[in-house]
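J.: Compute the structure for the input listed below.
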Amino acid sequence: MNQQLNKYQDKMQKTINSLLDEFNTIRAGRANPHVLDRISVDYYGAPTPVVQVGNVSVPEPRILMIQPWDATLLKAIEKAINESDLGINPSNDGKVIRLVFPELTEERRKELTKETKKKGENAKVAIRNIRREALDAFKKMQKANEMTEDEYNTIENGVQKLTDKFVEEIDRHIENKNKEILSV
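T.: Prediction:
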């Protein structure tokens with residue numbers, strides 16, 4: 001029975017990991033190389049993440065520097081950043097691309113906290129859907145006489161405890177991300 005529960009616990013953990021990946025792409029006024037994770041550049045006909053075609057560094061707290069290994073990619077990287085939803089204009093000096101992150105306004109910080117909460121709520125919905133999926137599967141097993149009523153009740157409690165644990169974890173991550181966004 002624990003093996004069956006582990007399957008759903010793994011799914012819930014993947015939801016948390018996905019949420020954390022999304023949180024990494026939200027910029028909080030500081031330069032964070034993870035904001036480039038979703039940006040791809042055309043590299044010899046294949047869409048390739050920016051972080052795989054050059055060296056990405058943070059020379060100063062609000063500056064991201066991209067130094068491509070192939071200088072011919074400068075224009076393509078610049079174009080990919082301009083077309084993305086990053087909202088930052090890259091500056092190209094012929095060798096490297098610099099992204100200067102402006103200070104966030106209080107209004108923008110509030111928008112970002114709302115976005116964070118929304119992503120967190122979506123993750124909670126995903127966790128609850130996994131709970132429903134698990135309970136449905138175990139209910140079918142009980143109806144097929146593969147488990148007793150008591151076993152079903154025990155496993156139902158286990159699924160609910162897992163759900164509660166992961167929802168609390170999501171709340172913690174939302175709170176931490178919002179503190180990071182609101183700290184000036």
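
J.: Return the set of buried residues in stretch 143-162.
T.: For stretch 143-162, the neighbour count (16 or more other Cβ atoms under 10 Å) marks 147, 152, 155, 156, 158, 159, 162 as buried. Where you see a C-beta, it was placed from the backbone N, CA and C, and this is true even at glycine.

J.: Now, those residues that are in helices?
T.: 152, 155, 156, 158, 159, 162 (DSSP state H).

J.: can you put these in a markdown table and add distance to residue 110 and pLDDT?
T.: Below are those laid out as a markdown table (distance: Cβ to Cβ, whole Å; pLDDT from 0 to 100):
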| residue | distance to residue 110 | pLDDT |
| --- | --- | --- |
| 152 | 46 | 89 |
| 155 | 42 | 90 |
| 156 | 40 | 91 |
| 158 | 39 | 91 |
| 159 | 36 | 92 |
| 162 | 33 | 93 |
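
J.: In TSV: those residues, plus distance to residue 88.
T.: Listed next are these as TSV, based on distance: Cβ to Cβ, whole Å:
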residue	distance to residue 88
152	53
155	49
156	49
158	46
159	43
162	40
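
J.: Relative to residue 55, which of those is nearest.
T.: For those, the closest approach to residue 55 (Cβ to Cβ) belongs to residue 162, at 41.2 Å.

J.: Thought residue 6 was touching that closest one, still the case?
T.: No - between residue 162 and residue 6 there is no contact, the gap being 9.9 Å when judged by Cβ atoms under 8 Å.

J.: about what we covered before: can you tell me which of the ones in helices among the buried residues of stretch 143-162 is nearest residue 117?
T.: Of all those, residue 162 has the smallest distance to residue 117: 22.6 Å, by Cβ to Cβ.
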